[in-house]
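S.K.: Got a predicted model here, sequence first, then my questions.
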Amino acid sequence: MPPSGRAQSQTETAAPPRFLTPVSILILLAINAYLCRYLFQAHFIHQMGATAGPFIALSRWILRHWHDLTWYPLWFTGMPFFHAYQPGLPMVVASAASLFHLTPERSYFLVIALVYCLQPVTLYWLCFCATGSRGCAFAAGVAFSLISPSAFLASLVRHELSGIWFARRYQTLVYYGEAPHDSALLLIPLAILFLHKAVVDQKRWYFPLTCLVLAAILLTNWPGTVGLLMALLAYALSRVGADARPLLVSLAAAGAISAMIACRWVAPGSLLPILRNAQQSDGTSFGWLHLLIALAAGLTLFLLHRLFQRFSVDRWLRFFLFFAFVSGLVALTRFWTGFNLLPQGHRWQLEMELAIIGALALSARRALRRCSPPVRIALLVLLSLGAILQVRNYHRYTRSITREVPAQETIEYRASKWLEANLKNARVFVPGSVSLWLDAFSDVPQLAGCCDPSVPSFSHRLAYYTVYSAENAGARYIPAVLLWLKAYGAQAILVTGPNSGEFFMPYARPGAFHNALPELWRDGDSVIYKVPSTSLSLAHVLDPSELVNRQPANGLDTGGLEVYVAGLERVGSQAQFQWVNAHQARVHAQVTKGQIVSVQISYDSGWRATISGIAQPTRSDALGLMAIEPACTGSCDIDLVFGQSSGVHWTTWVQLLGLILAVAWAFLPRQPAGFH
């Protein structure tokens with residue numbers, strides 16, 4: 001750690017000038033700004049397969065509905081806005097767009113370019129705190145800017161990059177659209193640094209900063225949050241052997257307080273559905289093998305700790321090594337074996353890269369101290385030449401995957417604008433990259449959307465899996481697809497063939513739709529078909545037996561769907577449905593005793609149905625849609641208002657209490673000196 005107090009004053013004359021710190025940071029910023037300069041200039045780039053579209057869509061919605069961020073009706077038949085995705089990045093993008101009068105997409109590219117530039121800076125700051133050496137910290141920042149360890153360790157990464165000398169971190173940001181995860185990665189070194197300063201250095205005002213950074217990560221990305229937990233585990237393990245009690249107490253307090261600060265936007269009740277969806281997203285199912293590997297990993301960590309203790313390994317080096325082991329275990333197990341210790345385990349390659357670079361920088365510092373000055377100079381020259389070559393390689397690569405194109409040239413844009421002009425208020429089914437970008441260009445509601453953690457029910461997954469896969473369907477394919485589309489209120493479907501410009505090409509049998517459905521629009525091999533239906537409303541009066549009351553076992557288990565769709569298309573079942581605003585709707589229906597009103601909107605406990613101000617019972621059917629049991633007969637006017645889900649009304653007070661506790665903790669008596 002940097003010297004402090006009297007020791008610092010005694011060594012100040014021998015210390016490097018303070019201006020070297022800002023100069024080092026500026027150099028790191030300059031290198032990374034040069035590498036992603038095309039991102040700074042971008043208005044729209046050709047990476048339509050990236051998940052940038054959903055984050056731009058959310059930012060666009062925030063700009064247009066900042067005063068009404070309750071219900072989001074555009075994805076998966078609707079959901080609470082803060083269930084769509086963690087709001088951290090879209091909020092920042094929308095704020096920048098509003099402040100600087102930018103379009104959401106222009107603001108998005110500027111924000112993620114800044115994130116990319118700042119990641120090596122936060123690693124520099126952490127390494128400088130760890131070693132007191134600007135040279136070591138600068139080397140870590142440069143290495144993180146110009147080397148991708150995962151390319152050396154995983155053949156799949158090498159294949160995707162077309163070599164080992166290209167920018168994996170940039171690829172994940174731009175080609176895959178991992179901007180929220182990258183944003184969380186930017187903050188992880190700050191979280192560890194602030195925690196260290198609050199507990200070990202006993203600088204009390206760093207504790208509220210620690211809580212705020214932890215909450216910011218929680219509000220930004222779930223894989224990033226898991227990466228943070230890995231880093232905190234590694235930091236706690238690196239401190240075992242000292243008086244670790246103050247650290248553990250402060251860490252537990254910071255975790256609880258940060259959860260309180262974030263709970264208004266990330267409700268505790270949403271965690272179990274997110275975990276369920278994460279496992280369903282790639283078929284990961286936790287079992288005995290996961291438990292055995294976890295026990296083996298715990299034993300390995302214990303043995304590493306004993307080894308580090310025996311050889312008195314520096315505690316910061318221990319932190320980076322523990323962090324590299326935990327994150328690398330998850331990422332490399334997926335890369336090397338295809339087995340997921342955690343859902344989508346490859347995503348923690350970013351944390352692994354940061355940890356490996358930190359460990360290498362601290363290890364190299366210790367090794368270089370044993371070298372003679374001429375050897376150090378020779379190594380410095382060689383590394384500088386290598387860095388120059390890498391800047392050239394990285395710049396060439398970043399330019400190749402950041403090609404700006406007019407949005408109008410993409411099928412995603414053209415299809416979105418046609419749907420907006422011709423079917424603006426109708427729910428549609430669009431595939432792959434069109435689904436990702438549809439609501440970045442329009443306000444057209446869709447049956448699918450983004451992202452895996454936010455899928456409301458398993459039946460929604462069955463619906464789009466059946467449409468895409470045609471698995472075991474044979475001649476039943478189109479009838480089954482129509483049942484699912486009608487059940488979820490879709491009025492049109494975009495089908496993209498092998499010669500379409502759509503990125504993912506998800507349909508197994510796109511030709512099956514030809515001549516089976518009425519064609520509304522064609523753009524080459526991309527066709528929008530009408531879903532034939534006698535009802536265009538999202539509300540219908542049904543008998544209770546016509547609801548889907550049993551979860552379909554698979555996409556071809558359509559017995560309940562057939563009864564439900566027959567009820568939707570029965571003469572006289574259609575009710576009048578009208579949106580009043582983004583979170584409020586009105587239904588006018590003719591109801592007889594014992595009937596229910598089925599509304600093709602995702603059920604959530606935050607919906608309130610009233611007739612003349614009197615609350616009416618609501619529940620979910622097996623499709624995850626809303627069913628109302630009106631206590632009226634004849635002509636009924638039902639008002640639907642989405643406020644907050646049950647249990648969320650008190651979160652504002654919990655958040656305020658968390659902020660108070662974060663500040664109050666800074667005034668607690670300090671721990672006795674000597675915790676280092």
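M.R.: Great, that's in hand. Numbers count the residues shown, from 1 in each chain.

S.K.: switch to C-alpha atoms for all contacts and neighbour counts from now on
M.R.: Will do.

S.K.: Tell me how far Pro104 lies from Met91.
M.R.: Distance from Pro104 to Met91, counting by Cα to Cα, to the nearest Å: 11 Å.

S.K.: Lowest-scoring secondary structure element of this protein by mean pLDDT?
M.R.: helix 5-11 (a mean of 41; mean pLDDT, DSSP states H and E).

S.K.: in the stretch 201-350 of the chain, what spans have low per-residue confidence?
M.R.: The model of the stretch 201-350 of the chain has pLDDT under 70 over residues 242-243, 267-269.

S.K.: Going along the chain, name the helices of it.
M.R.: 206-218, 222-239, 245-262, 271-282, 288-310, 315-337, 349-368 (DSSP state H, counting those that start in this stretch).

S.K.: between those, which one is nearest to Gln584?
M.R.: helix 271-282 (24.7 Å; Cα to Cα).

S.K.: out of Pro104 and Met91, which sits in the busier spot?
M.R.: Shown here are Pro104 and Met91; by other Cα atoms under 10 Å, Pro104 has more neighbours (27 against 19).

S.K.: Overlap in contacts, Pro104 and Met91.
M.R.: By the contact definition Cα atoms under 8 Å, 6 or more residues apart in numbering, Pro104 and Met91 are jointly contacted by Ser59.

S.K.: where does the chain have low pLDDT?
M.R.: Using pLDDT under 70, the chain drops low at 1-16, 242-243, 267-269, 644-649, 670-676.

S.K.: Point to the residue nearest the middle of it.
M.R.: Centroid-nearest residue in the chain: Asn221, 4.2 Å away (criterion: Cα atoms, centre = their mean).

S.K.: Tabulate the helices of the stretch 201-350 of the chain in JSON lines, adding columns for mean neighbour count and distance to Ser620.
M.R.: Below are these laid out as JSON lines (neighbours: other Cα atoms under 10 Å; distance: least, Cα to Cα, whole Å):
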{"stretch": "helix 206-218", "mean neighbour count": "25", "distance to Ser620": "29"}
{"stretch": "helix 222-239", "mean neighbour count": "21", "distance to Ser620": "27"}
{"stretch": "helix 245-262", "mean neighbour count": "19", "distance to Ser620": "28"}
{"stretch": "helix 271-282", "mean neighbour count": "16", "distance to Ser620": "15"}
{"stretch": "helix 288-310", "mean neighbour count": "13", "distance to Ser620": "34"}
{"stretch": "helix 315-337", "mean neighbour count": "22", "distance to Ser620": "37"}
{"stretch": "helix 349-368", "mean neighbour count": "21", "distance to Ser620": "39"}
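
S.K.: Out of those helices, which gets nearest to Gly49?
M.R.: helix 271-282 (17.4 Å).

S.K.: just the angle between that closest one and helix 222-239, please?
M.R.: 110 degrees (axes from the mean of the first three to the mean of the last three Cα atoms, to 10 degrees).

S.K.: where do the helices sit along the stretch 1-150 of the chain?
M.R.: Going by DSSP H, counting those that start in this stretch, the stretch 1-150 of the chain shows helices at 5-11, 20-35, 37-41, 52-65, 81-84, 88-100, 104-131, 134-146, 149-153.

S.K.: and Val434, which of these is closest to it?
M.R.: So among the helices of the stretch 1-150 of the chain, helix 52-65 is nearest, using Cα to Cα, at 9.1 Å.

S.K.: Is Trp165 in a helix, a strand, or coil?
M.R.: coil (DSSP: H, G, I helix; E, B strand; the rest coil).

S.K.: can I assume it is in contact with Arg392?
M.R.: No - using Cα atoms under 8 Å, Trp165 makes no contact with Arg392, being 10.3 Å away.

S.K.: the more surrounded of these two?
M.R.: Neighbour totals were compared for Trp165 and Arg392, and Trp165 leads with 19 against 14 (other Cα under 10 Å).

S.K.: check contacts around the nearest residue to Pro54 once chain neighbours are set aside.
M.R.: In space, and not counting its chain neighbours, Pro54 is closest to Leu436: 5.6 Å by Cα to Cα, 6 or more residues apart in numbering. The contact partners of Leu436, taken as Cα under 8 Å, 6+ apart, are 51-54, 449-450.

S.K.: Compare the residues you listed and tell me which is most surrounded.
M.R.: Per-residue neighbour counts (other Cα under 10 Å) across those peak at Gly449, which has 27 neighbours.

S.K.: and that residue, that one's in a strand?
M.R.: No - assignment of Gly449 by three-state DSSP gives coil, placing it outside any strand.

S.K.: Give me the nearest residue to it, chain neighbours excluded.
M.R.: Trp75 (4.8 Å).

S.K.: Would you confirm that that neighbour contacts Asp443?
M.R.: No - using Cα under 8 Å, Trp75 is not in contact with Asp443, being 10.2 Å away.

S.K.: Look at those two and report which has more neighbours.
M.R.: A direct count of neighbours by other Cα under 10 Å for Trp75 and Asp443 places Trp75 higher, at 25 against 19.

S.K.: what about the more buried one, distance to Val428?
M.R.: From Trp75 to Val428 the distance is 10 Å (Cα to Cα).
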